[in-house]
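Undergrad: below are the sequence and a predicted model for it; my questions follow.
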Amino acid sequence: MMKTTRNRIMLVEDSQNLRMVLKDYFEMLDFQVNDFNDGNAALDSFRKEGYDICVLDIMMPGKDGFTLMQDIHKINPQMPVILVTSKQSKEDKIKGFKLGCDDYVIKPFSTEELTLRIKAVLRRTQNTAVKSRPLYEERIYVIGNYTFDYSAMELRHPKATRYLTRKEAELLRLFCEYKNKLLTRETILREVWGDEDYAVGRSMDVFLTKLRSYLSLDEVPEEHINKNGGRHNKYEPGYEPDVQIVNVHGTGFILKVKENN
């Protein structure tokens with residue numbers, strides 16, 4: 001069983017009754033809890049305190065949960081966030097994951113379910129302390145002309161350097177581990193999002209599009225691009241980019257990297 005004695009939760013919930021119930025329940029399980037009823041007060045605390053995970057209501061006065069999560073990730077991009085909300089639409093759930101949440105829990109829910117979800121997120125993210133140090137171990141990947149520093153969440157290319165979000169870094173790390181091998185959609189959703197839900201899959205597609213754009217700095221001469229070739233034969237044989245994420249229809253994706261001989 002995972003030890004929770006050192007885990008600190010920032011709980012932000014507009015409803016006083018629900019907030020008190022959750023705070024009491026979490027503290028009974030040996031979590032340390034700081035609770036707030038509005039986003040501005042919570043953000044002030046986040047700037048000063050060290051937390052292991054944030055549980056945020058979306059509908060709050062002053063600063064809503066979506067905005068608060070974005071502000072938190074500007075301070076600490078690795079901070080795990082669970083959104084707790086009565087907003088049930090598929091669009092809101094997709095928005096939450098696109099903006100960087102680790103889980104999205106719809107009210108009403110049981111305290112036991114929320115606790116299990118918190119522990120699941122901590123298992124995925126808490127390999128090392130998250131308060132002021134990177135979550136990830138030192139790991140460098142070289143893929144073509146790109147150098148990916150996983151611990152710094154930094155993707156370098158002679159033309160540009162890009163700083164990745166935590167989800168982007170996790171997704172690219174997984175592709176690097178499966179370099180030139182098939183990576184199924186189910187594996188990506190399970191390993192990066194911990195959920196194979198349809199709405200989460202839509203969020204994954206958005207992140208894949210972003211990664212493809214980040215890995216498109218190696219230009220292919222215009223004369224070697226098939227204008228009407230479609231996805232599968234866009235480039236003339238022998239002129240494919242050194243690095244590209246290729247869709248395997250109905251199955252998954254391959255990070256294709258040309259190996260230097």
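TA: Done, it's in.

Undergrad: how far away is the closest residue to Arg202 other than its chain neighbours from Leu189?
TA: Leaving aside its sequence neighbours, Arg202 sits nearest to Ile94 (CB to CB, 6 or more residues apart in numbering; 5.2 Å). (C-beta placed from N, C-alpha, C; glycine too.) For Ile94, the distance to Leu189 equals 14 Å [CB to CB, to the nearest Å].

Undergrad: distance check, the nearest residue to Phe207 once chain neighbours are set aside against Thr187.
TA: Leaving aside its sequence neighbours, Phe207 sits nearest to Leu171 (CB to CB, 6+ apart; 5.5 Å). Distance, Leu171 to Thr187, using CB to CB: 11 Å.

Undergrad: Glu177 now?
TA: Taking CB to CB, one finds Glu177 at 10 Å from Thr187.

Undergrad: break the chain into its domains for me.
TA: Per automatic domain parsing, the domain ranges recorded for the chain read 8-125, 140-257.

Undergrad: quick check: mean pLDDT across the last one?
TA: For domain 140-257, the mean pLDDT works out to 82.

Undergrad: how long is it end to end?
TA: 16 Å (CA to CA, to the nearest Å).

Undergrad: name the residues of stretch 9-23 that are buried.
TA: 9-14, 18-19, 22-23 (16 or more other CB atoms under 10 Å).

Undergrad: quick check: which of the domains of the chain is buried the most?
TA: Highest mean neighbour count among the domains of the chain (mean count of other CB atoms under 10 Å): domain 8-125, with a mean of 18.

Undergrad: so how far is that domain from its chain's centroid?
TA: 15 Å (CA atoms, centre = their mean, to the nearest Å).

Undergrad: average pLDDT for it, rounded please.
TA: 89.

Undergrad: host element of Glu168?
TA: For Glu168, the host element (DSSP states H and E) is helix 166-177.

Undergrad: and the next helix or strand past that helix?
TA: Next element after helix 166-177 (DSSP H and E): strand 182-184.

Undergrad: run through the helices of the stretch 1-150 of the chain in chain order.
TA: For the stretch 1-150 of the chain, applying DSSP state H, counting those that start in this stretch gives helices covering 16-28, 39-48, 65-75, 90-98, 111-125.

Undergrad: possible to save those helices as a markdown table with distance to Glu259?
TA: Below are the helices of the stretch 1-150 of the chain laid out as a markdown table (distance: least, CB to CB, whole Å):
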| stretch | distance to Glu259 |
| --- | --- |
| helix 16-28 | 50 |
| helix 39-48 | 44 |
| helix 65-75 | 36 |
| helix 90-98 | 34 |
| helix 111-125 | 31 |
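
Undergrad: the ones you listed: which one's closest to Val84?
TA: Proximity to Val84 (CB to CB) singles out helix 111-125 among the helices of the stretch 1-150 of the chain, at 7.0 Å.

Undergrad: helices or strands up against that closest one?
TA: Applying 3 or more CB pairs under 8 Å, 6 or more residues apart in numbering; DSSP states H and E, we find helix 111-125 packed against helix 16-28, strand 53-57, strand 81-85, strand 103-106.
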